[in-house]
Structure formats: structure tokens, C-alpha cells
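[1] Sharing a model that was predicted from the sequence below.
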Amino acid sequence: GISLAAEGGAHQSVATPLIGIGQPGMVAFEPAFVDELAAVMAWSFEHMQAPEGGSVYLRLSTRRLEQPRRALTPELEKELIEGAYWLVPPAPGADLALVFTGAVAPEVQEAHRQIAQDLPGAGLLAVTSADRLHAGWRQGAGDEPSPAERLLGALAPDARLITVLDGHPASLSWLGSVRGQRVHALGVDRFGQSGDIPDLYRIYGIDTEAILEAVAEACLARLAPGV
């Protein structure tokens, strides 16, 4: 069946993305937007009834997010079911990309907007299922690149990835192993604080300011020899 986990901020269920990835027989999704959720739900009902199917885990948020104005194409639906898609495609060979999952979308989108002038080619990658994306990379498909390899292949080989989610940073930090690109992973590795979302995101270092600081560190590190 479908298992739901609702969260409203970084104080909730820090380990759940990793639990979803590691649970056998279960596929985990964490969509940020309603149209993503609709596509995931349609796929999930088919998956649960398939002979080789299984359960589906959805990590959702009670946070209100501004929704993108778009129509999902078949190609975009395929990518988000595979686990990720470019919300803002990078310029060919771009040096940096912001990568996010779930409810931190507003903070990451604002950070991307602010760096657009200095880093106009930077990409913005939305990960709808770290589980599916990781499984596709591990399984491989012969001569065909996995979805993760194909997506990250649009960037420079030494590009920096800033990964952000309100869960454990290890949920996305493995992306650095796909093509050897350096990752600066932001996330939550402790819990117990109470507060509203802006305060909690600031405390845990996943707000817009923290993302911009990570971008600055990544750019400086990329210019340093051997770093």
C-alpha cells in the first residue's frame, strides 16, 4: 500500500528519507509540487498492482509552496518518476548546480535567483525520489547512462553540487559518487528543536543564507588547486 509521512519543518523525522531509501520492497518519493504528486500517485497505483511491484512511501509537507505554472510533458513525467529533473536546466558544462528535495524548494529557488547574475549557467535540480534515482544508478542499464548520470552529465566534470533537504544530508550526498563531482551537502543531522520553519531552517543551516554561503565556499574551493 501507500505509506504517508507528513512533515512541516526540519524538526520532523530527520531520518525518514534514508529509511525510505533503505527499505526493501518499498519505493520512496518526496515531491515538492502538486503536479509532481499527481504523477507520482498515478504511477504508484500501477506499481502496487504490478506482479513485480511493491509498496510506496510518500514524504509530504503541510507547508504551502508556490506552484510552478506548467503542463507536465510525457518526458518530464518520466524523469520525475525516475527520480529527478532539471527545474532550471544548466548551461552546457556549468560549474555549479543546486539540488533539492521537497519542502525546501522556496529557499533553494530564492538562492538560485540570487546567484543567477554571477553564475548565470547554474542549474537547479529537483529530486523527487532519491530512492529511485539511487536505485537506477546502482543497477545501471548496460551502455545506457542511468538517469543520475545523464542529468549530472550536463555539468562540468569538476562542477560543484549544493544538495539541500530538510532530512539527513546523506540522502543526497551520494550524488557526488555518480560522476566524481564535489558535493556540499546541507541537511539536518540532529533534531529536538521547536520553532517555526524560518527559525528552524536557519538553526539547521538549510535556509537561503546558508545555501548562498555553501555556494560561495564551493566556488572558492573550486578555484583552489587540489581542492
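    Happy to help now that I have it.
[2] Per-residue pLDDT of residue 48, please?
    On the pLDDT scale, residue 48 is placed at 94.
[3] That should have said residue 34, apologies.
    Listed pLDDT for residue 34 reads 96.
[4] List the residues that contact it.
    residue 67 (Cβ atoms under 8 Å, 6 or more residues apart in numbering). All C-beta atoms are positioned from the backbone trio N, CA, C, and that covers glycine.
[5] Residue 98 now?
    Counted by Cβ under 8 Å, 6+ apart, residue 98 has contacts 108, 111, 112, 122, 123, 124, 125, 162, 164, 211, 215.
[6] same deal with residue 127?
    Residue 127 touches 30, 83, 84, 99, 100, 101, 133, 165, 172, counting by Cβ under 8 Å, 6+ apart.
[7] Just list whatever residues bridge to it.
    Judged by DSSP bridges, the bridge partners of residue 127 are residue 84.
[8] list the buried ones in the longest strand along the chain?
    Determined from DSSP state E, the single longest strand within the chain is strand 155-164. Using 16 or more other Cβ atoms under 10 Å as the test for burial, strand 155-164 gives 155, 156, 159, 160, 161, 162, 163, 164.
[9] so what's the backbone phi/psi at the closest residue to the fifth one other than its chain neighbours?
    Nearest in space to residue 161, with sequence neighbours left out and distances taken as Cβ to Cβ, 6 or more residues apart in numbering, is residue 183 at 4.7 Å. With angles defined as degrees, to the nearest 10, residue 183 sits at phi -110, psi 140.
[10] Next: residue 92.
    When read as degrees, to the nearest 10, the backbone of residue 92 gives phi -50, psi 130.
[11] hmm, back to that, I'd like the distance between the residue nearest to residue 161 and residue 99.
    8 Å (Cβ to Cβ, to the nearest Å).
[12] how far is whatever helix or strand residue 76 lives in from where the chain is centred?
    If you go by DSSP states H and E, residue 76 is part of helix 74-82. Centroid separation for helix 74-82 versus its chain: 15 Å, with Cα atoms, centre = their mean, to the nearest Å.
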